[in-house]
Structure formats: structure tokens, C-alpha cells
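Undergrad: requesting a structural model of the entry that follows:
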Amino acid sequence: MSQDTQIYRLSEGESLSQAVVHTLAHACDVEPTDLDARLFDAVDPDALDDLFAPADDASDRSGSVTFEIAGCRVEIDGASRVLVTPIEEASTAPGVTA
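TA: Predicted coordinates for the structure are as follows:
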């Protein structure tokens, strides 16, 4: 598993749940189909997509979702940015408490 935080910003029209799977796979150095964990075991992919669906007024998109899957912490924010950090690295990062 990569020890670096993987940061990904969605492209227009891209599914957030698919972006999470691809970013997580990259962090784990595997193909998306080879991940040991399934996204829907940690979070409802449809609800995740709906929560951060593009709005008519993008300025009102705020909030964040954080969950753990496959030994990583996944953080998603209102700017449609996906951060995947291995738990070991996340727990030792400055300003983060375990």
C-alpha cells in the first residue's frame, strides 16, 4: 500500500463513488476490481453520489463525509475532492488524533 495521501478531484460528469473506488485502488496499489473491500460495505454509493451531486448553485455545496475502508481513511468534501490516506499515516499526521 502506498504511504502517501492520494488526492483526486472529480471531473464534470464523473461519478463520485467510482472516483472513490479508483482513488482507493491507487492508494492500495491494486486494480479497482482487485480491492479486498467493497465500497457499499462502508457507505451507500448511491447516497454518496446524491449527497455531492452537482447543484444549480455550486456555491452552496458544503459539508464532508469521512469513512474508513481497506485500511484507509476516505475524506470527501463539498468541492468534490477525494482524499485517501492509509490509516497508519492518518493517525500520525500532525493535528490528527487517534
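Undergrad: can you get me a residue count around the nearest residue to residue 52 once chain neighbours are set aside?
TA: Sequence neighbours aside, residue 16 is the residue nearest to residue 52 in space, at 5.2 Å (criterion: Cβ to Cβ, 6 or more residues apart in numbering). C-beta here means a position set from N, CA and C on the backbone, and glycine is covered the same way. By other Cβ atoms under 10 Å, the residues close to residue 16 number 19.
Undergrad: please apply the same query to the one 5 residues further on.
TA: Burial measure for residue 21: 20 neighbouring residues, criterion other Cβ under 10 Å.
Undergrad: buried sites along the helix or strand hosting it?
TA: Using DSSP states H and E, residue 21 sits in helix 16-27. Using 16 or more other Cβ atoms under 10 Å as the test for burial, helix 16-27 gives 16-17, 19-25, 27.
Undergrad: the residue nearest to residue 52 and residue 79 touch, don't they?
TA: No. Assessed by Cβ atoms under 8 Å, residue 16 is found out of contact with residue 79, at 11.6 Å.
Undergrad: mind listing the helices for the protein?
TA: Assigned by DSSP state H, the chain shows helices spanning 16-27, 39-42, 45-51, 87-92.
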